[in-house]
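K.L.:
Turn this into a model:
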Amino acid sequence: MKIILASVGTRGDMEPFLAIGELLKEKGHQVICAFPEQFRRLVNESNLEFASLGPKFINLLESKEGKAAMGGATGFKKIIGTLKLALNQNDANKELLFKQQKLIEREQPDRILYNGKAVYPIIWGLKNKGKTIFVSPLPYMHYVKGHTHIAFNSNFGDFFNKLTFSLAHLGMIATIRICKKWLKINEKISRKELLDVLRYNKSIYTISPSLFLRPYYWIENLKVLGYHFRDKRTTWHPDKALSDFISKHKKILFVTFGSMINPEPEVKTKIFIDILERNKIPAIINIASGGLVKPDNFDSEHIHFVSQIPYDWIFSKTYGVIHHGGSGTTHLTLKYGCAIMIIPHIIDQFVWSKIAYDKGVGPKGTKIGKINTDNLEPKILDLISNSDYKIKAEQIKNQMKKEDFKEELYNSIIE
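P.N.:
Residues are numbered from 1 along each chain as shown. Presented below is the predicted three-dimensional model:
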């Protein structure tokens, strides 16, 4: 088969598709990854074909307005950043849309796997029944009792919870109709047709059942088939300074915001440094994407900064991890039995923060725009001292070890 993987978002949105792509290629299928331009290198690492959706979307997220809207800013600054981001996003969205259309119409694939930000596969799928599959590493995109749609992240009671899913669907239908206008597609698409796709099209949740158990009342088309990690074999080795730091300390925290950025990385970093230094907590701080930064002329016995480090390598050597709450990072920390605390930046990360807290693997974190020494310090001390978090994380690690959904995932895609 010729299979297109269409994913729009940050790096965490690409990783599940890359893992699926590697599986499909191993089985002999042609795989084309349609991602934003900034992820070309990631696709090349997996030896898959790359089709660029252009650079504008990621450039917009990394703009001043994007940083304010994505995390870090609060109050009026966040509102202004979000409004400016909305006003400036048409060019980026058009680039994504037209490039998806050009690729898909040219290749005429046997299957398209797409995420929630890739719109053209939905339109194409209306004329190509059974050839598109929605893939989500995030829970609550379909109705679950006791929960709102992921965009609302709450529990308002059954009636209002259902209403949030209807509102999310109406928003998506409006987006599709705008895209249809941009593409100059004249064929009528009814509201019912679009609702049927959003509610009933084949969907695969790439989430571990130990974190999100498939509701028994879901239709057969909706599946939860585990989180899949891509092959990240690397020639990377730690330098002597990092090796010495790890050998010197037994109970290390790892702090990372992944690909998340914010308007005040120096301020956020200083909050962590002050707490860690005062309590003599050994920690490794990852500054790879700029959400945290190393101060000039900084030297500390308790804190070591890194800019490039494989998570698979470091998580096996750390006691706990403080991170932004991406789906992949949440799964990987628990795969290695790390106690965790999430500092959420954007919508879905608040959901992972609640899931982690409810599972008892760490304290409930404070959102990035609200952290300060007073509210963060007791949570870090709790994370490092409460052994129950580590015990429960190890229990989830053991559950995840037993999960093997590769064949079911593969069959769900090709059948």
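
K.L.:
what's Asn93 in contact with, if anything?
P.N.:
By Cβ atoms under 8 Å, 6 or more residues apart in numbering, Asn93 lies in contact with Phe57, Cys179. Every C-beta, even on glycine, is put in place using the N, C-alpha and C of the backbone.

K.L.:
Mind doing that once more with 10 Å?
P.N.:
By Cβ atoms under 10 Å, 6 or more residues apart in numbering, the residues touching Asn93 are Val8, Lys56, Phe57, Leu60, Lys117, Val119, Thr175, Ile178, Cys179, Trp182.

K.L.:
Export the residues you listed as CSV, with columns for neighbour count.
P.N.:
Converted to CSV, the contacts of Asn93 look like this (neighbours: other Cβ atoms under 10 Å):
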residue, neighbour count
Val8, 23
Lys56, 18
Phe57, 24
Leu60, 17
Lys117, 14
Val119, 24
Thr175, 14
Ile178, 15
Cys179, 21
Trp182, 15
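
K.L.:
Lowest-confidence entry in the residues you listed?
P.N.:
Minimum pLDDT across the contacts of Asn93 is recorded for Leu60, with 88.

K.L.:
Give the buried residues for stretch 44-63.
P.N.:
46, 48-54, 56-58, 60-63 (16 or more other Cβ atoms under 10 Å).

K.L.:
Which of those residues fall in helices?
P.N.:
Members of these lying in helices (criterion: DSSP state H): Lys56, Phe57, Ile58, Leu60, Leu61.

K.L.:
neighbours around Ile271, how many?
P.N.:
Applying other Cβ atoms under 10 Å, we find 17 residues neighbouring Ile271.

K.L.:
Confirm that it sits in a helix.
P.N.:
Yes. With DSSP: H, G, I helix; E, B strand; the rest coil as the criterion, Ile271 is part of a helix.

K.L.:
pretty sure it contacts Lys370?
P.N.:
No. Between Ile271 and Lys370 there is no contact under Cβ atoms under 10 Å: 11.1 Å.

K.L.:
any residues in contact with both of those two?
P.N.:
Common contacts of Ile271 and Lys370, defined by Cβ under 10 Å, 6+ apart, comprise Leu376.

K.L.:
Check what pLDDT the nearest residue to Thr206 once chain neighbours are set aside gets.
P.N.:
Excluding the flanking residues, the one nearest Thr206 by Cβ to Cβ, 6 or more residues apart in numbering is Pro16, at 4.4 Å. For Pro16, the pLDDT comes out at 95.

K.L.:
what's the answer for the one 5 residues further on, then?
P.N.:
According to the prediction, Gly21 has pLDDT 97.

K.L.:
before we move on, what about Ile189?
P.N.:
93.

K.L.:
got it, and Glu62?
P.N.:
So Glu62 comes in at 81 (pLDDT).

K.L.:
Tell me the spacing between the residue nearest to it when sequence neighbours are not counted and Ile287.
P.N.:
Spatial nearest neighbour of Glu62, chain neighbours left out: Ile261 (6.5 Å); criterion: Cβ to Cβ, 6+ apart. Going from Ile261 to Ile287 by Cβ to Cβ, to the nearest Å gives 11 Å.

K.L.:
The two: who's more crowded?
P.N.:
Neighbours of Ile261 and Ile287, each counted by other Cβ under 10 Å, are more numerous for Ile261; the result is 22 against 18.

K.L.:
For Ile355, which non-adjacent residue is closest in space?
P.N.:
Leu211 (5.7 Å).

K.L.:
go on, Ile285?
P.N.:
Val255 (4.7 Å).
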